[in-house]
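Using only what follows, build the 3D model:
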Amino acid sequence: MLNALTEYFLLRRADAVADGIAPDVHRRARARLLLGRQKAAAADTLWRHDHRAEALALLCAALDEAVAAARLLARDDVDWASSLKAGGAPGPDIDAAAEAHRAAHEEAPPALDADVAPGFEARRAALVGGFEALDRALGPALSSRDERAALRRARVGAVVAVVVAAGALGARAGLREKREAAASAYLTTEPGFPPANAVDGDAATEWILPLGLPGWIDVRFERPRALRAVRLLNAHNRTHNDLATRAYRVEAFAGERLAGGAQGSFPGIDPAGAWARHPVAAEGVTRVRVWVDTFHGAAGGLGEIEFD
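Numbers count the residues shown, from 1 in each chain. Next comes the predicted model:
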């Protein structure tokens, strides 16, 4: 656990792996992984617009690109999974990717959207999970040195922000009301992104929706309260800095009555997190719902929801 935490902030293994890769191999492997990300993003868009056969085919192609990058880095391109694990890549991630890749080539995806049965959602999830697993394992080493330096600064900066916020929260701990969060859905891949993450006072944890899906999060108060404003910290997916909320709506309810609201949008993905504050004046508020209507990248979410 300590080694994983150290690597998350310092990226020492990623630096060492990158330094050991010949520049031409690094360039070719990076290009394959970036092409895989491009195809995975396109597959997301197709799936959301019900072009599901083409989405599955593109996801298979995205995973193929990631595996091609892995083979370029592995000492044994035939048994690339074992080779990468022997080199220190996370075993569970590599095993999940290898299994997803094997399954993808055992059965071709349907050619027609009409042939994509409901059960194919699980197949899509396996393909997405396999690609993301390889992206997590290979992405840091295949980033440029400047990109890794920027990622380190963003991660350390987030921790500093959390420490400062924790001090402020600690001073008010006795005054903080009890809140419960529920959501239409959330991304369950490790480390998990449940709705509770958006009300825990920790800017480093996030609620994130499943890939490609809009949705909502509700925050319920222990007792009715007056509300002056709602503040939102956008998600950015601390592992990859590749997704965030775009357009959103805020609704404040007093019981079942809509008591106030606002709407807005975030301009892009900010590795340090981006805050937005909306005046929402209402009395007797029992819950606040935030709708994520559109997003940057593959999904949307929020790091924190706070109230004045």
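
Return the distance of residue 13 relative to residue 283.
54 Å (Cβ to Cβ, to the nearest Å). (C-beta placed from N, C-alpha, C; glycine too.)

and those two? which has more neighbours close in?
Ranked by neighbour count (other Cβ atoms under 10 Å), residue 13 and residue 283 place residue 13 first, with 16 against 12.

Was I right to think the more buried one contacts residue 138?
No: applying Cβ atoms under 8 Å as the test, residue 13 and residue 138 come out as separate, 11.9 Å apart.

any idea where the strands of this protein begin and end?
Secondary structure of the chain (DSSP state E): strands at 179-183, 207-208, 215-234, 243-245, 247-254, 257-265, 275-292, 295-297, 301-307.

Could you provide the ones you listed in TSV, with additional columns for mean pLDDT and distance to residue 195?
Putting the strands of the chain into TSV (pLDDT from 0 to 100; distance: least, Cβ to Cβ, whole Å) gives the following:
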stretch	mean pLDDT	distance to residue 195
strand 179-183	89	4
strand 207-208	94	5
strand 215-234	94	5
strand 243-245	93	14
strand 247-254	94	15
strand 257-265	93	19
strand 275-292	94	10
strand 295-297	91	16
strand 301-307	95	9
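
Just send those strands back as TSV, with distance to residue 70 too.
Supplementary listing: the strands of the chain in TSV, determined by distance: least, Cβ to Cβ, whole Å:
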stretch	distance to residue 70
strand 179-183	34
strand 207-208	25
strand 215-234	32
strand 243-245	23
strand 247-254	36
strand 257-265	37
strand 275-292	33
strand 295-297	22
strand 301-307	28
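
For stretch 45-63, list the C-alpha coordinates in PDB.
The C-alpha atoms that make up stretch 45-63 are tabulated as PDB, following Å, rounded to 0.1, in the frame of the first residue of the first chain:
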ATOM      1  CA  THR A  45     -20.000   8.300 -28.100                       C
ATOM      2  CA  LEU A  46     -21.400   5.600 -30.400                       C
ATOM      3  CA  TRP A  47     -22.700   3.600 -27.500                       C
ATOM      4  CA  ARG A  48     -24.500   6.600 -26.000                       C
ATOM      5  CA  HIS A  49     -26.200   7.200 -29.300                       C
ATOM      6  CA  ASP A  50     -27.300   3.600 -29.600                       C
ATOM      7  CA  HIS A  51     -24.800   2.600 -32.300                       C
ATOM      8  CA  ARG A  52     -23.800  -0.300 -30.100                       C
ATOM      9  CA  ALA A  53     -22.400  -2.800 -32.700                       C
ATOM     10  CA  GLU A  54     -19.900  -0.200 -33.900                       C
ATOM     11  CA  ALA A  55     -19.100   0.800 -30.300                       C
ATOM     12  CA  LEU A  56     -18.200  -2.800 -29.400                       C
ATOM     13  CA  ALA A  57     -16.000  -3.200 -32.500                       C
ATOM     14  CA  LEU A  58     -14.200   0.100 -31.600                       C
ATOM     15  CA  LEU A  59     -13.700  -1.000 -28.000                       C
ATOM     16  CA  CYS A  60     -12.100  -4.200 -29.300                       C
ATOM     17  CA  ALA A  61      -9.900  -2.100 -31.500                       C
ATOM     18  CA  ALA A  62      -9.000   0.200 -28.600                       C
ATOM     19  CA  LEU A  63      -8.000  -2.800 -26.500                       C
END
